[in-house]
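Peer 1: quick one: sequence plus predicted model below, questions after.
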There are 2 protein chains.
Amino acid sequence: MTDVVIAGIGQTEVGEHWEISLRDLALDAIQDALKDSGGLKPQALFVGNMLAPNLSNQAHLGALITDYAGLTGIEAITVEAAGASGGAALRQGYLAIASGMVDVALIVGIEKFTDKIGADVDEALATASDSDFEAVQGMTPASQAALLMKRYMHENDVPANGFAGFALTAHANGVANKYAMFRKAIKPETYAKAEMVSDPLNMFDIAPNADGAAALLLTRRDLLPRDYKHPLVKIAGSAASSDTLALHDRKDMLYFDTAQISAGKAMKQVGIVLDQINFFEYHDAFSIYAALQLEAVGFAIKGKGWKLAADNAIGLKGKIPCATMGGMKARGFAGGAAGVYQAVEAAIQLRGSAGANQIAGAKFGLIQSLGGPASTAVSHIIQALD
Amino acid sequence: MTDVVIAGIGQTEVGEHWEISLRDLALDAIQDALKDSGGLKPQALFVGNMLAPNLSNQAHLGALITDYAGLTGIEAITVEAAGASGGAALRQGYLAIASGMVDVALIVGIEKFTDKIGADVDEALATASDSDFEAVQGMTPASQAALLMKRYMHENDVPANGFAGFALTAHANGVANKYAMFRKAIKPETYAKAEMVSDPLNMFDIAPNADGAAALLLTRRDLLPRDYKHPLVKIAGSAASSDTLALHDRKDMLYFDTAQISAGKAMKQVGIVLDQINFFEYHDAFSIYAALQLEAVGFAIKGKGWKLAADNAIGLKGKIPCATMGGMKARGFAGGAAGVYQAVEAAIQLRGSAGANQIAGAKFGLIQSLGGPASTAVSHIIQALD
């Protein structure tokens, strides 16, 4: 199979865009990606979106966005897998190119949280968990993550503030990312004094729900414009896996099977081992997710993922740099766009354009997009070709 | 590329399943399809669903359904393109097999309308149209179809009851389909006396929203079990297209561009002409859609699609048999499952198992799934190989 390359990237600033509509956000990211690709024309659009039917009373985003972006006529669908929608849309675009039936695919991740506020947002988010057995009890993703974190801390003797490292790293890395929602480093005291949301989960263990859109143009390497100006970046590995939707149905809720399975498959496709991965964009919607992903993927042994953060091994100069552009915690969690932001940021790293946040000599980046507590995981390995 | 075959099919009765949950409906169809395939094991699930986030407060159906069906671990996503969600899910499964990265794909179309009633259903359906410019005016799919039908009748001098043929054919064909919601033939007088829903659209111009699930197992021909017992049926052509979401943005709202583009591409892939197609499963959510599809695909000239129905050219022994198992009008419109039902029914025809509804010697069937007024169209050509 010919190489599937990321030919163009685009992203909007993540934040509370009260005055910008869902379609306008998507358009901004798409226009940037089209321009960045040097003039490629997409034949198919894959929208990663999590909650627009609930938050914006709008389904059928494929036709909405192709129309608004001046791409009427091309095929277009929405791909949904809760928080993993962005990663899943990327995978569908990848498969379309790999099939040989689509030459140029446009992926756009989009979420517009500010079309609703307060409890309506919680209700929308709860549709990602098991409606009949979890949401019906009043469980939200945050309260569920708190239970998971409490159990983890109990089983693994994690001290109070043991998770601080995740937020410290994310906020430190967000400072130089002009698309990040929060661009201010925080101190350990800030984490320690933060308001509790759902014990033991404090304000800094949760990524902020925010509006944003990110876009990618994928094509085959041989179809790139002759004067293509960026260092080449390809999708080297792509895999996904699903687990029980309800957390209580797991044999071991403190091990993210799907994170292990999908990352393992993707690495096998590329033929690399963990040590060759230069950075990891995990799905830090909650710090406990980040810890469990570090363990499932294999960067830490079970129960010790939090230590990597506490020891600053996940910093830009650490053993395995994570959330290199601020992650979901500081860049912001833009729902179905989150997985596409990861891919855009990985491409920036692998092109060598990450500025102050550059991982020197980065060749392989692993990005992982989760739906719910890893009920879905989608993993991609992005590779620098030059 | 190796042939992509439909190895297994399953469907539930379409109707008002007040007592059966969304996941149970999906499970029924899946179990039938798995059994029908002779024991194939899927590696990926593609869910076609239109409205569960609104109707059932449930997103993330991929993980929900793999879990409930005992398929935990495989990858799973939801594909959404309004009423074309089923056709779009089929296309994603097809692309996954064609890419060589997935060997066996399970497609399930599912919709559970009876989780909500009345105005809540209208509100959910309206998310398929342009929320900011159409739904906000109170427009529903039915009221929009009525406007379209009125304009069509005016421009083409269609007499009162000129559309009766669509419902007469559908109901005649539904009688022998044990999965159909309505199994009773109707008379021209029944159509003529039917209650008006939104002038000129009467009760028999609208397919009933109903609960249902349909499933398909796709694989490569060389991976079929050695003792595979059904006549071989393959997906010979697959294409999709999108148009403006809002109807008022079209140059000519009485021509379904996407129906023409997607069917044309699919036929070109197969290398056949229109005359070689033995039956057409159109998207008769509204009779006006059926008329416009007959024209856009090329079975009738512009303005004369209704005449094919009036002249009974769409009957089982007509020039181009349509809705051969009852279509959406009599089998029932099960939202995101609709496009998958079409594929299941086409496979039944091409296996030669359609009983009283069999199109003798059928070799090629065209199925077309629409989202909104053809804002999305997905076309597949299903072919008998024996």
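Peer 2: Thanks, I have the structure now.

Peer 1: which residues touch the residue lying closest to A:Ala98 once chain neighbours are set aside?
Peer 2: Nearest-residue entry for A:Ala98: B:Ser99, 3.9 Å, with adjacent residues in sequence omitted and distances by CB to CB, 6 or more residues apart in numbering or on different chains. Every C-beta, even on glycine, is put in place using the N, C-alpha and C of the backbone. Residues touching B:Ser99, when contacts are defined by CB atoms under 8 Å, 6 or more residues apart in numbering or on different chains, comprise A:95-96, A:98-100.

Peer 1: now A:Ala146
Peer 2: Going by CB under 8 Å, 6+ apart, the list of residues near A:Ala146 reads A:197-201.

Peer 1: domain parsing for chain A?
Peer 2: What automatic domain parsing lists as the domains of chain A is A:4-117+A:209-223, A:138-206+A:235-384.

Peer 1: I'd like to know which elements whichever strand or helix holds A:Gln349 is packed against.
Peer 2: For A:Gln349, the element it lies in under DSSP states H and E is helix A:338-351. On a contact count with 3 or more CB pairs under 8 Å, 6 or more residues apart in numbering or on different chains; DSSP states H and E, helix A:338-351 meets strand A:4-11, helix A:85-98, strand A:104-111, strand A:212-220, strand A:233-242, strand A:279-281, strand A:364-371, strand A:376-384.

Peer 1: ok, the residue of the stretch 151-300 of chain A found nearest chain B - contacts?
Peer 2: With CB to the nearest CB as the measure, the residue in the stretch 151-300 of chain A that lies nearest chain B is A:Ala240; the distance is 3.6 Å. Contact criterion CB under 8 Å, 6+ apart gives A:81, A:84, A:87-88, A:91, A:258, A:262, A:376-379, B:44, B:75-77 as the residues in contact with A:Ala240.

Peer 1: excluding chain neighbours, give the residue nearest to it in space.
Peer 2: Taking CB to CB, 6+ apart, and ignoring the residues beside it in sequence, A:Ala240 has B:Glu75 as its nearest neighbour in space, at 3.6 Å.

Peer 1: now do A:Phe204
Peer 2: By the measure of CB to CB, 6+ apart, the closest residue to A:Phe204 outside its immediate chain neighbours is A:Ala167, 3.9 Å from it.

Peer 1: picking that back up, specify which member of the contacts of A:Ala240 is nearest to A:Leu274.
Peer 2: Of all the contacts of A:Ala240, the one with the least separation from A:Leu274 (CB to CB) is A:Ser379, at 12.3 Å.

Peer 1: which strand or helix spans the spatially closest residue to that closest one that is not a sequence neighbour?
Peer 2: Counting by CB to CB, 6+ apart, A:Ser262 is the residue found nearest to A:Ser379 once chain neighbours are left out, at 3.9 Å. A:Ser262 is located in helix A:257-270, with elements delineated by DSSP H and E.

Peer 1: for the residue lying closest to A:Gly87 once chain neighbours are set aside, what are its contacts?
Peer 2: If you skip the residues right next to it in sequence, A:Gly87 has A:Ser369 as its closest partner in space, 2.7 Å away by CB to CB, 6+ apart. Listed by CB under 8 Å, 6+ apart, the contact partners of A:Ser369 are A:83-88, A:90, A:283, A:338-339, A:342, A:377-379.

Peer 1: not counting its neighbours along the chain, what's nearest the residue most central in space within chain A?
Peer 2: In chain A, the C-alpha closest to the average C-alpha coordinate belongs to A:Gly339, at a distance of 3.0 Å (CA atoms, centre = their mean). Of all residues not flanking A:Gly339 in the chain, A:Gly86 sits nearest, at 2.7 Å (CB to CB, 6+ apart).

Peer 1: list the buried residues in stretch A:132-144.
Peer 2: A:134-135, A:139-144 (16 or more other CB atoms under 10 Å in any protein chain shown).

Peer 1: check stretch A:159-166 too.
Peer 2: Residues of stretch A:159-166 classed as buried by neighbour count (16+ other CB under 10 Å): A:161-166.

Peer 1: I'd guessed A:Leu191 sits against A:Ala170; true?
Peer 2: No, residue A:191 isn't Leu; it's Tyr. No: the criterion here is CB atoms under 8 Å, and A:Tyr191 misses it with A:Ala170 at 11.0 Å.
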